[in-house]
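A.B. asks: Here's a sequence, model it:
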Amino acid sequence: MVWPRKAKKEKHEEQVTFAAYKQFCDDTSVEKQRAIKEANQMIEKLNADIQKYNADAARLGREIAEHDGNIATFEGDKKAATTVRDVEHVDYTTTHADYSESIDALGRAITVLKQQNFDRKQAAAMLAQVDALIPAAKKHVIAAFLATDPEVAFEQQPSGLDVSAPDANGYEFQSGGVIEMLEKLLDKFEDERSDLQKAETNSKHAYSMLMQDLEAQIKHNTQARTDKSATKAKKQQSASDAKGDLIDTTATRDDDSKYLSDLTATCQQKASDFENRQQLRADEIVALEKAIEILGSGSVSGAADKHLPALVQKASLIQVRSSVKLGNKNERVTEVAAYLQRQAEKSNSRILAQIAAQAQQPTGGDPFQKVKKLIQDLIVRLMEEANEEAEHKGWCDTELASNEATRKEKTQKVETLHAEIDQLESSIAKLTEDLADLSSAIAELDKAVATATKLRGEEKEKNQATIKDSQEAQTAVAQALEVLKEFYAKAGEATSLLQQPEIFDSAYTGMQSENGGVVGMIEVIQSDFARLEAETSAAEAQSQKEHDTFISDSAVDKAQKSKDVEHKSMKKQNEQQALQEKKGDLEGTQKELDAALAYYDKLKPSCIDAGVSYEDRVARRQEEIESLQEALRILNGEDLA
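C.D. replies: Numbering: from 1, shown residues only. As a prediction, this is how the structure comes out:
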């Protein structure tokens, strides 16, 4: 029979199909797990990059602010220096003009006096002419000069130069001293004007150098600020790009995780279904083979050969169509009521049941008219309700879609912010722990250095004492050895020591040979002290070297730990600031999510919580309309299908 072969073939084909599907599940699972692992590594790297970019941007911001302060200070210095220079230049111009006028006046006065070099009745008239030529602002200078010149003695006068020459002979020329005095005054004014010009030149040069230096400082700070602003912008852009990549990577990782979870569940379900189907197919094959075996037995096949050819069974599918021709109107109304009642029970429609009940009530006059009107009105009302519900459905779909997008976006943002806050809090806690460990390590380093320094001092003091004692002992032993050597040298020459009496086997040579000899023993002691000095000195040098190395290494380690403390403290401060910002963002986003959820709750009663889905309501309403239309056809005398 072909049935078992077909069943076995389908079972084998199903095994092949499932093997391919299982391979797909295994390959896809491995690929998704690899993608999720790489995404987690990338997320960790992006978080580290974002922290570094933000820290660099914050540092550059502080440096830019410092450059701005320097530029403002230098600009203020320029303005102040320029103001002072302008005042100095105005003073110089005024003073220089005064000196120039005075020098010019004195020159003209000297010329006039020299032209009048002949006897005059008195020199007072000449001085009066000089007084008229000298500016009023310089008269006090001339008066002071005259008062200090020992060669000129003028009496106080009420007007003019306030000085007067002593009375001279009537026809003697008395202006020689005045001319000399004016020439001295002219030289003095010219020297002072020269000094003023030099001071002005020096001041102008100093101002120029100051301006050059300030301009250079401003240019340097401006360039540095521009460069750091560009670098800061790049850091911020890099941080923004990294945040975008982090969001994309996180979303992709989450999608992969969800897909992997769904795929795992689906594959497990498919595997279970496959096993069940394979078992059913196996049972089916067994049943088919058993049935074929039974059909092949003599009782079945023999009876079939005997009886089946003579049986002609004609089977036809007959569609029963009721062609009942209703006799009178009341019968049609009754039939309509019965039909509507059946449809009401079938579709659980209260409207059809209500129409069926009203149709069964006895009415006077034409029973069709009332029922038809009732059915037609109900059809119109149902269609209007369908249109209204369709419009309401469109509005609900729009609002629900918008609200769902908002809830999804805000939920994802809240989850992201929670994750970022948890990460920041964890990082801050870790940094706090690291800072505590570093502070403890620095304190332990300081304690170890202090202890090592104290022990080194005690050890050095002890070694120095040992070296000193060994040196003193060597000196004393050397003296003792010298004494013994001198003694034994002299004793060797004495006959008493070399006599060989009969009662002695050999001559007495002292204790030189007893137990190695006294001299030999003392020489050993001397060498022991020398070795003690050498070993102690070497040990002292080695200990000092090790101590110096320890102190140096400790200083380097402490400097590194101090730098780590500074870096981690700055990082902790930045992360605490970022944590506050994230918490503020979370609070605002949570409020927006709560508002979206509240609006969703308002939409649910009219758009979701209707008890029956929109499609079911449309289908039921359509069934009701079709049933009512069919009832109208019955009332119009048409056949009831």
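A.B. asks: contacts, neighbours, all on C-alpha from now
C.D. replies: Fine.
A.B. asks: and the helix or strand Thr252 falls within, average pLDDT?
C.D. replies: Assigned by DSSP states H and E, Thr252 belongs to helix 176-295. If you average the pLDDT over helix 176-295, you get 86.
A.B. asks: Mind giving me the packing neighbours of that helix?
C.D. replies: Where contact means 3 or more Cα pairs under 8 Å, 6 or more residues apart in numbering; DSSP states H and E, helix 176-295 is packed against helix 2-115, helix 139-148.
A.B. asks: ranking those helices by mean pLDDT, which is last?
C.D. replies: Across these, helix 139-148 gives the lowest mean pLDDT, at a mean of 56.
A.B. asks: Quickly list the domain ranges of this structure.
C.D. replies: Under the assignment automatic domain parsing, the domains of the chain span 2-78+224-290, 86-200.
A.B. asks: Distance to Leu484 and mean neighbour count for those - can I get that in JSON lines?
C.D. replies: Output for the domains of the chain, formatted as JSON lines (distance: least, Cα to Cα, whole Å; neighbours: other Cα atoms under 10 Å):
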{"stretch": "domain 2-78+224-290", "distance to Leu484": "83", "mean neighbour count": "16"}
{"stretch": "domain 86-200", "distance to Leu484": "92", "mean neighbour count": "16"}
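A.B. asks: ok so, going back, so which of the helices and strands packed on helix 176-295 gets nearest Glu535?
C.D. replies: In terms of Cα to Cα, the element of the helices and strands packed on helix 176-295 nearest to Glu535 is helix 2-115, at 55.6 Å.
A.B. asks: I'd like to check the angle between that closest one and helix 176-295, please.
C.D. replies: If you take axes from the mean of the first three to the mean of the last three Cα atoms, to 10 degrees, helix 2-115 sits at 180 degrees to helix 176-295.
A.B. asks: Counting by contacts, list what helix 2-115 packs against.
C.D. replies: Against helix 2-115 (3+ Cα pairs under 8 Å, 6+ apart) you get helix 124-133, helix 176-295.
A.B. asks: mind checking the longest helix of this structure?
C.D. replies: Among all segments of the chain classified by DSSP state H, the helix with the greatest residue count is helix 367-493.
A.B. asks: what's the angle from it to helix 176-295?
C.D. replies: 120 degrees.
A.B. asks: Tell me which of the helices and strands packed on helix 176-295 lies nearest to Lys234.
C.D. replies: helix 2-115 (8.8 Å).
A.B. asks: just to revisit the earlier point, can you redo the domains of the chain as TSV with distance to Leu593?
C.D. replies: Output for the domains of the chain, formatted as TSV (distance: least, Cα to Cα, whole Å):
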stretch	distance to Leu593
domain 2-78+224-290	19
domain 86-200	67
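A.B. asks: right, and those - which one's nearest Ser562?
C.D. replies: domain 2-78+224-290 (18.5 Å).
A.B. asks: Now the stretch of helix or strand Asp585 belongs to: average pLDDT?
C.D. replies: Element membership for Asp585 (DSSP H and E) is helix 518-607. Helix 518-607 carries an average pLDDT of 88.
A.B. asks: Could you tell me the per-residue confidence at Ile379?
C.D. replies: pLDDT recorded at Ile379 is 73.
A.B. asks: If you could redo that for Thr509, that was the one I meant.
C.D. replies: 50.
A.B. asks: repeat for the one 4 residues further on
C.D. replies: Among the per-residue scores, Ser513 shows a pLDDT of 48.
A.B. asks: which residues touch Ala242?
C.D. replies: Leu46, Asp49, Ile50 (Cα atoms under 8 Å, 6 or more residues apart in numbering).
A.B. asks: on that earlier part again, how big is the angle separating the longest helix of the chain from helix 518-607?
C.D. replies: Computed by the same axes, to 10 degrees, the angle separating helix 367-493 from helix 518-607 equals 170 degrees.
A.B. asks: so which of the helices and strands packed on helix 2-115 comes closest to Ala578?
C.D. replies: Across the helices and strands packed on helix 2-115, Ala578 has its closest neighbour in helix 176-295 (13.2 Å, Cα to Cα).
A.B. asks: Relative to Gln412, which of the domains of the chain is closest?
C.D. replies: Minimum separation from Gln412 across those (Cα to Cα) falls at domain 2-78+224-290, 9.3 Å.
A.B. asks: what about Thr398, neighbour count?
C.D. replies: Using other Cα atoms under 10 Å, Thr398 has 12 neighbouring residues.
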